[in-house]
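**Q** Show me the folded form of this:
(one chain, ligands or ions: 2)
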Amino acid sequence: MAEHAARPCCLGWDFSTQQVKVVAVDAELNVFYEDSVNFDKDLLEFGTQGGVHIHEDGLTVTSPVLMWVQALDIILERMKASGFDFSQVLALSGAGQQHGSVYWKAGASRVLTSLSPDLLLHKQLQACFSIRDSPVWMDSSTTVQCRRLEAAVGGAQALSCLTGSRAYERFTGNQIAKIYQQNPEAYAHTERISLVSSFAASLFLGSYAPIDYSDGSGMNLLQIQDKVWSQVCLRACAPHLEEKLGSPVPSCSVLGAISSYFVQRYGFPAGCKVVAFTGDNPASLAGMKLEEGDIAVSLGTSDTLFLWLQEPMPALEGHIFCNPVDAQHYMALLCFKNGSLMREKIRDESASCSWSDFSEALRSTEMGNSGNLGFYFDVMEITPEITGRHRFSAENRQVSAFPGAVEIRALIEGQFMAKRIHAEGLGYRVMPKTKILATGGASHNRDILQVLADVFGAPVYVTDTANSACVGSAYRAFHGLRGPSPTVRQA
Ligand SMILES: Nc1ncnc2c1ncn2[C@@H]1O[C@H](COP(=O)(O)OP(=O)(O)O)[C@@H](O)[C@H]1O
Ligand SMILES: O=C(CO)[C@@H](O)[C@H](O)COP(=O)(O)O
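**A** Ligands and ions are numbered 1, 2, ... in the order given. Prediction:
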């Protein structure tokens, strides 16, 4: 790392479902440093699988908030040990898995503003959270709260017009409502609620960071056109919610200078700027430099598909978020929960736990799978709400199993056909000039990407790194450095 020591740069962070990742990007926008800490492998003591705990009801899904803090400690210590020159960091920004929420206990703000540089963050923040297991995007336990919220605003379409989405179980307003109803004491002792993105920004800032418009759009609470919290939605979810959330800010806001903790412990310059953190999908949109007409497919833990939109057109399926790059514009997103973890299961069952055997199976079978079709939802899917494995033979008969290679092609073709069908349901059309930009862990796999190209009948492009959320965060840090957004002052 020593040869990179003298480059002025920006850092981009990603607090995603399975890991914390970082990249350093220089002024020519070259990525010259990448690292990650995997929760399952590097933080065994938390006992997560795929970065989460799935509770007994099969619907509640959480992650320990201190695991995220400890992962940040580990990665920073590793960077320091490798000789990374923190004094060259001009600014940083980051991303978080969307919708997940963090509950800061009364008094936590004081701890955050007076961190000792002699101790790791996780040692000092142990007692700072009123809820230690944060609900995350995979949670689907809030159906009751969803129906109540829709009823409060006049129905699902009315909520979608207001907030960009009908009520979804993983959306933060519904998660907060559940916590308030089931654990009113913990809610009362909460002084601040962050998204995973604004929680991570708070660590770097040494004070509570505001929620940005783009990630804030994934809460069923923000009026996406006016960019203010909806009073009717706040009231329907929990009391005193506005004060616990703070005011939302534009996604490219400079929040302030980095906390003195990082200056003293790691040698960041005192003037290093913290630019608002956002959701991982919005950050990927920035990182992939999406243009109008392009479609992005992220194959991370979740599979998502997203587009840049000029005008919002909220519907009963899919989401409209505020655009993280241009505050006048929007982005559309579809999220599929049975993404990489479902592919890993079929890989383990039908390809001896090996991605190269999995790829070989795709290469040895033909496009169209001789008429065999399959849809695989081991966990309750988001788009659409369905569970189970559903296989159909060429004769359109439901069957209970396929031979290994047929199973693998059925899974991948089924996943991409669902993406195309649901995107077309939102009005998206594949055009002659359509480009598909792929990112996320599974975009390393060319054979999976070939099926994506075949199903959409369009060319697929990948960027140099599959970490587009990290890279987009570093680009956003540069964007923040240039202005024109004024520094945000928090109440
Ligand atoms: N060669 C590969 N083929 C298919 N999938 C892969 C391959 N390498 C990694 N993956 C998938 O990438 C996933 C992680 O993607 P990533 O974008 O890092 O996730 P997240 O950002 O949600 O933590 C893993 O769960 C794994 O299944
Ligand atoms: O719920 C959504 C988007 O609405 C998910 O896409 C999360 O944002 C998790 O992202 P990954 O960790 O899978 O990238």
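**Q** List the contacts of the helix or strand where I176 lies.
**A** Secondary structure from DSSP states H and E places I176 in helix 172-182. Residues outside helix 172-182 that contact it (C-beta atoms under 8 Å, 6 or more residues apart in numbering): 99-101, 103, 131, 135, 139, 141-142, 145-146, 148-149, 167-168, 186-187, 193, 195, 218-221, 233-234, 236-239, 241. Every C-beta, even on glycine, is put in place using the N, C-alpha and C of the backbone.
**Q** From those, pick out the ones that also neighbour ligand 2.
**A** Applying C-beta under 6 Å from any ligand atom to the contacts of helix 172-182, one finds that 99, 218 fall near ligand 2.
**Q** Now, the contacts of helix 172-182 that are in helices?
**A** 145-146, 148-149, 186-187, 233-234, 236-237, 241 (DSSP state H).
**Q** hmm, which of the residues you listed are the buried ones?
**A** The neighbour count (16 or more other C-beta atoms under 10 Å) marks 145-146, 148-149, 186-187, 233-234, 236-237, 241 as buried among the ones in helices among the contacts of helix 172-182.
**Q** which one of those residues sits closest to ligand 1?
**A** Nearest to ligand 1 among those: C146, at 23.9 Å, using C-beta to the nearest ligand atom.
**Q** what about that closest one, distance to M380?
**A** Remark: distance between C146 and M380 (C-beta to C-beta, to the nearest Å) = 13 Å.
**Q** Show me how far the host helix or strand of L437 is from its chain's centre.
**A** If you go by DSSP H and E, L437 is part of strand 436-439. The chain centre lies 16 Å from the centre of strand 436-439; the measure is C-alpha atoms, centre = their mean, to the nearest Å.
**Q** So what's the gap between the helix or strand following it and the chain middle?
**A** Sequence-wise, the next helix or strand downstream of strand 436-439 (DSSP H and E) is helix 446-456. When distances are taken as C-alpha atoms, centre = their mean, helix 446-456 is centred 23 Å away from the chain's centroid.
**Q** can you list contacts of helix 446-456?
**A** Contact with helix 446-456 is made by 295, 297, 299, 343, 358-359, 362-363, 367, 409, 412-413, 416-417, 419-420, 430, 434, 436, 438, 442-443, 459-460, 462, as judged by C-beta under 8 Å, 6+ apart.
**Q** and with 6 Å instead?
**A** Applying C-beta atoms under 6 Å, 6 or more residues apart in numbering, the contact partners of helix 446-456 are 359, 362-363, 367, 412-413, 416-417, 420, 430, 436, 438, 442, 460.
**Q** Now tell me what touches the strand holding L437 from outside.
**A** Strand 436-439 has contacts (C-beta under 6 Å, 6+ apart) with 284, 288, 294-298, 449, 456, 458, 460-462, 466, 468.
**Q** Next step: those restricted to helices.
**A** Judged by DSSP H, those include 284, 449, 456, 468 as members of helices.
**Q** got the contacts of helix 446-456 as JSON lines, with neighbour count columns?
**A** Formatted as JSON lines, those follow (neighbours: other C-beta atoms under 10 Å):
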{"residue": "S359", "neighbour count": "18"}
{"residue": "L362", "neighbour count": "21"}
{"residue": "R363", "neighbour count": "11"}
{"residue": "M367", "neighbour count": "12"}
{"residue": "I412", "neighbour count": "28"}
{"residue": "E413", "neighbour count": "23"}
{"residue": "F416", "neighbour count": "22"}
{"residue": "M417", "neighbour count": "15"}
{"residue": "R420", "neighbour count": "18"}
{"residue": "V430", "neighbour count": "15"}
{"residue": "I436", "neighbour count": "22"}
{"residue": "A438", "neighbour count": "24"}
{"residue": "A442", "neighbour count": "24"}
{"residue": "V460", "neighbour count": "20"}
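**Q** quick one: least confident of those residues?
**A** Within these, V430 has the lowest pLDDT, namely 85.
**Q** Go ahead and report the secondary structure state at it.
**A** Here V430 is recorded as coil under DSSP: H, G, I helix; E, B strand; the rest coil.
**Q** residues in contact with it?
**A** By C-beta under 6 Å, 6+ apart, V430 lies in contact with 456, 458.
**Q** 10 Å instead, please
**A** The contact partners of V430, taken as C-beta atoms under 10 Å, 6 or more residues apart in numbering, are 295, 420, 423-424, 436, 455-458.
**Q** for this protein, what's the longest helix?
**A** With DSSP H setting the assignment, residue counts place helix 404-425 as the longest helix in the chain.
**Q** now that one against helix 446-456, angle please.
**A** Computed by axes from the mean of the first three to the mean of the last three C-alpha atoms, to 10 degrees, the angle separating helix 404-425 from helix 446-456 equals 50 degrees.
**Q** Helix 404-425 packs against which elements?
**A** When contacts are defined as 3 or more C-beta pairs under 10 Å, 6 or more residues apart in numbering; DSSP states H and E, helix 404-425 sits against strand 295-299, strand 303-309, strand 330-336, helix 340-350, helix 355-364, strand 373-377, strand 388-392, helix 446-456.
**Q** Would you convert those into JSON lines that also reports distance to A156?
**A** Compiled in JSON lines, the helices and strands packed on helix 404-425 are given as follows (distance: least, C-beta to C-beta, whole Å):
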{"stretch": "strand 295-299", "distance to A156": "25"}
{"stretch": "strand 303-309", "distance to A156": "20"}
{"stretch": "strand 330-336", "distance to A156": "17"}
{"stretch": "helix 340-350", "distance to A156": "27"}
{"stretch": "helix 355-364", "distance to A156": "38"}
{"stretch": "strand 373-377", "distance to A156": "22"}
{"stretch": "strand 388-392", "distance to A156": "24"}
{"stretch": "helix 446-456", "distance to A156": "29"}
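**Q** Could you dump those into CSV with distance to ligand 2 added?
**A** Below are the helices and strands packed on helix 404-425 laid out as CSV (distance: least, C-beta to the nearest ligand atom, whole Å):
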stretch, distance to ligand 2
strand 295-299, 6
strand 303-309, 5
strand 330-336, 4
helix 340-350, 8
helix 355-364, 18
strand 373-377, 15
strand 388-392, 21
helix 446-456, 16
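**Q** residue contacts, the residue in the stretch 351-491 of the chain positioned nearest to ligand 1?
**A** Taking C-beta to the nearest ligand atom, ligand 1 has its nearest neighbour within the stretch 351-491 of the chain at G441, 1.9 Å off. Shown in contact with G441 (C-beta under 10 Å, 6+ apart): 16, 18-19, 298-301, 339-340, 343, 466-467.
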